[in-house]
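# Sequence unavailable; structure follows:
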């Protein structure tokens, strides 16, 4: 039963002439609830009826003390005690001093209770004690839970520290008492009493609350009413306030905790996800149920399209590259395989075929996807998605940067939470390395189990064969048969419950046959061991890095290639995986060679197919598509214009399948190439041309020369106008796939079109009279400007030479032997040649302008 607050200031109530009432508090009956999550108070709820009944019986047994009689029991479950209202007979001699009489009753009740044993308790191992309530019982059900700190507020003058100590010390050991502090007007002054134990604080709170304590002086006596309440040891926001006031301690600690959380929880999960991606744990198409449904439902409903594999002659140009990659995958990795060739030469298709035939797990990283990202966080997310790295928290990058910025203002240095892009990439690739080791270990264990099983079967087969041979020869004897036949030592000794293995019978085999059998078993074991060593190579995963290019557009993305190169070198040096890098240009191997300086790269080059293979490829693909057309000699010449570039041949096949003739398809490919080349090599306008890595004059020079020849000498182009030794422009044009630079003995030797079809594209573009006139005008203007600049320099030099010769003092017989005269003659000849060149170019420009004027 819940009572309202008792407001009476009296501790005893007179009921009859010789009887009065007062309150007791019995502690430790119920468990003390220290918080809302403390579940122990449910024990008190379940046992309340039994505990109160037992306590009522015990208290009634104390009636010999001043006719003590319990009237009402009110449980105070939060504080673990019970309020007891009782009646007693007053002592006539102490009628004027009820406090003394109640103290005597309290002592007598404790002594009498000690004779009957401990009071009931929720733990059943001894109970609490009896305390006289000096104030007013206050039962409440608010969320104010017990605490060792008791706040005592004063309604009246302050109570001295010594008096407060003497009042509270009987309830338990006190750790500290604070003095009252100044408070705003209208607020009660208070002191805090800190007990060593919570039970002592609960007793004091329920006993002294509402007590009128004497205060003041003897001349001016007064009373102060005490109000007791719990105060939590940790105030609200105390931890937060302390953490915010000590950033030099908390920020490094926070970094340590976050790092520990990452390495102990997330990194193992991420490694498991990467391993699952490589082993195809999450690919539903690999599940047996899906395969069964596809075979028995989807494939039957789908129309069957028979496909014929291309003949061997179609891919004969790829045989050497396929053999080189297969040989690389057949040995332990010691270097990186660098596969390079022009775009569209079939590198990816060829590599997919080899990997599919090997049946090994592959991890593919596409640098083009990373290059197309717009921010560092998206780049990290793209790499994580390709490797299977999960979970990844990309939003923390910007948050960590803000924390670092704030920490600089607080503690003068960064916390180290934010990390650079290379560090984030290394973190992802480091976890991927651990996953690759897990994939290798998983495959090796599976292969080892299969080999051991095959070895056991082979040994059993050998033993069975020898046993059958011995039985046929009559040399086999099994001693266990003596027990059945009743002969021999075995029958006399008897047979117990022990099991007999086949080994007991093998002992009867002759020594020579047994030796042969053991030698054969050893050969099987050695053969299986060799097979296990060879299969260990097959257990290694394959890492493929596609579209590896030197120029990715920004410094941050250049770091991606650097990190990938170092990671690839680490994988092959530690023999964790085979690494194959695909690139469109051999120049991209420099970064890989720098990361792996001790060993040369396994460079594998792919070139375009020859004319016969290209024609065979087109015929085979058209036949597979159900299009059987006879390619005439004229059409063969058109197909030869495309060369052996796989992408252009595929485009031709698609156009023919859509109804175009071979001639129309090739013309369409060439026309599209003209439009693309005009934009990519010369730009849409002058502003667009300024963004190119070469000038229009340089592009026109190369294009015009290659329109007449299939290849031109590299240094013949490099040393002449408009390059003048500028190799960077040629390299940029090669990276843009406008041209291809061939090498001889490790040095550049020839320049060819970037694609075979460009030979005809260049010719078509040069034959465009308007475009030719426009480019020739610009080209001539540059030459005229250069020649006029030379003429001016020659004029200045001649003027200086004439002035020098006039100051020379020479005899008449020294005429013609002056160095100035010889130099002046040489400069004059050069000036004449330059002026003639200007005259010729200006006449050409006049003609070119007429061409532009006629075009309407």
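Looks like it came in fine. Predicted model only: the values in this text are computed from it and were never measured.
# Identify each buried residue in the lengthiest strand in the chain, please.
The residue-count maximum for a strand in the chain (DSSP state E) belongs to strand 221-231. Residues of strand 221-231 classed as buried: 224-228, 230-231 (neighbour count, 16 or more other C-beta atoms under 10 Å). Heads up, the C-betas are built off the backbone N, CA and C, glycines and all.
# what does that strand contact?
Residues outside strand 221-231 that contact it (C-beta atoms under 8 Å, 6 or more residues apart in numbering) are 9, 135, 144-147, 149-159, 188, 192, 201, 204-205, 208-216.
# Direction included, what does it pair against?
Here the strand partners of strand 221-231, with direction, are listed using DSSP bridges: strand 149-155 (antiparallel), strand 212-216 (antiparallel).
# For the longest helix anywhere in the chain, name the packing helices and strands.
Longest helix of the chain, by residue count under DSSP state H: helix 421-473. Judged by 3 or more C-beta pairs under 8 Å, 6 or more residues apart in numbering; DSSP states H and E, the packing partners of helix 421-473 are helix 267-278, helix 376-387, helix 502-506, helix 511-538, helix 555-573.
# Comparing these, which yields the minimum mean pLDDT?
Mean pLDDT is lowest for helix 502-506 among those, at a mean of 44.
# What residues sit buried inside the following helix or strand past the longest strand of the chain?
Next helix or strand after strand 221-231 toward the C-terminus (DSSP states H and E): helix 238-245. Neighbour-count burial for helix 238-245 flags no residue at all (criterion: 16+ other C-beta under 10 Å).
# Just the mean pLDDT for helix 238-245, thanks.
For helix 238-245, mean pLDDT rounds to 79.
# in the helix or strand just after it, what's buried?
As assigned by DSSP H and E, the chain's next helix or strand after helix 238-245 is helix 247-261. Buried residues in helix 247-261, counted by 16+ other C-beta under 10 Å: 247, 251, 255.
# Let me know the distance separating the first one from residue 91.
Pointing back at residue 247 there. Distance, residue 247 to residue 91, using C-beta to C-beta, to the nearest Å: 68 Å.
# One more: the last one?
Going from residue 255 to residue 91 by C-beta to C-beta gives 73 Å.
# and if you look at residue 702?
For residue 702, the distance to residue 91 equals 127 Å [C-beta to C-beta].
# more crowded one of those two?
Each of residue 702 and residue 91 has its neighbours counted (other C-beta atoms under 10 Å); residue 702 has more, 22 against 15.
# Am I right that the more buried one is in contact with residue 754?
No - between residue 702 and residue 754 there is no contact under C-beta atoms under 8 Å: 10.5 Å.
# where do the contact lists of those two overlap?
Common neighbours of residue 702 and residue 754 (criterion: C-beta under 8 Å, 6+ apart): 738-739.
# are any of the contacts of strand 221-231 buried, and which?
Neighbour counting by 16+ other C-beta under 10 Å classes 135, 145-147, 149-154, 156, 159, 201, 204-205, 208-213, 215 among the contacts of strand 221-231 as buried.
# now the buried residues of strand 221-231 as TSV including pLDDT and distance to residue 642?
Below are the buried residues of strand 221-231 laid out as TSV (pLDDT from 0 to 100; distance: C-beta to C-beta, whole Å):
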residue	pLDDT	distance to residue 642
224	92	108
225	93	106
226	94	104
227	94	100
228	95	99
230	94	91
231	90	90
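# Adding distance to residue 360, write those out as CSV.
Shown next, in CSV, are the buried residues of strand 221-231 (distance: C-beta to C-beta, whole Å):
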residue, distance to residue 360
224, 88
225, 87
226, 83
227, 80
228, 77
230, 69
231, 69
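# Show me which pair in the residues you listed is furthest apart.
Greatest spatial distance in the buried residues of strand 221-231: 224 and 230, 20.1 Å, computed using C-beta to C-beta.
# Low-confidence stretches in the stretch 51-200 of the chain?
Along the stretch 51-200 of the chain, the parts satisfying pLDDT under 70 run over 94-96.
# I'd like to know how many residues surround residue 392.
20.
# For it, give me its contacts.
Contact analysis of residue 392 by C-beta under 8 Å, 6+ apart lists 270, 380-381, 384, 428.
# Apply the buried test to these and list what passes.
Neighbour counting over the contacts of residue 392 (16+ other C-beta under 10 Å) leaves 270, 380-381, 384, 428 as the buried ones.
# Just name the closest of those to residue 329, please.
Within the buried ones among the contacts of residue 392, distances to residue 329 taken as C-beta to C-beta reach their minimum at residue 428, with 25.1 Å.
# tell me the SS of residue 31?
Counting by DSSP: H, G, I helix; E, B strand; the rest coil, the backbone at residue 31 sits in coil.
# From residue 146, how far out is the nearest residue to it once chain neighbours are set aside?
Counting by C-beta to C-beta, 6 or more residues apart in numbering, residue 31 lies nearest to residue 40, which is 3.9 Å off, once chain neighbours are set aside. Between residue 40 and residue 146 the distance is 12 Å, computed by C-beta to C-beta.
# which residues do the two both contact?
Common neighbours of residue 40 and residue 146 (C-beta under 8 Å, 6+ apart) are residue 33.
# Wait, a helix at residue 159?
No - the assignment for residue 159 by three-state DSSP gives coil, which leaves it out of any helix.
# close enough to count as contact, it and residue 213?
Yes - if you go by C-beta under 8 Å, residue 159 and residue 213 touch, sitting 5.8 Å apart.
# Mutual contacts of the two, please.
The contact sets of residue 159 and residue 213 overlap at 167, 224, 226 (C-beta under 8 Å, 6+ apart).
# State the number of residues packed around the first one.
Looking back up the chat, that one is residue 167. Neighbours of residue 167 (other C-beta under 10 Å): 19.
# which residues does it contact?
159, 208, 213.
# Within the helices and strands, which one has it?
Taking DSSP H and E as the definition, residue 167 sits inside helix 161-168.
# what about the nearest residue to residue 181 once chain neighbours are set aside, distance to residue 177?
Nearest non-adjacent residue to residue 181, counting by C-beta to C-beta, 6+ apart: residue 189, 7.6 Å away. With distances taken as C-beta to C-beta, residue 189 is found 14 Å from residue 177.
# and what of residue 319?
Computed as C-beta to C-beta, the residue 319 to residue 177 distance reads 96 Å.
# Name the residue in those two with the higher neighbour count.
It is residue 177, of residue 319 and residue 177, that has more neighbours when counted by other C-beta under 10 Å, with 16 against 11.
# Show me what that one is bridged to.
Here residue 177 sits in beta bridges with residue 193, as judged by DSSP bridges.
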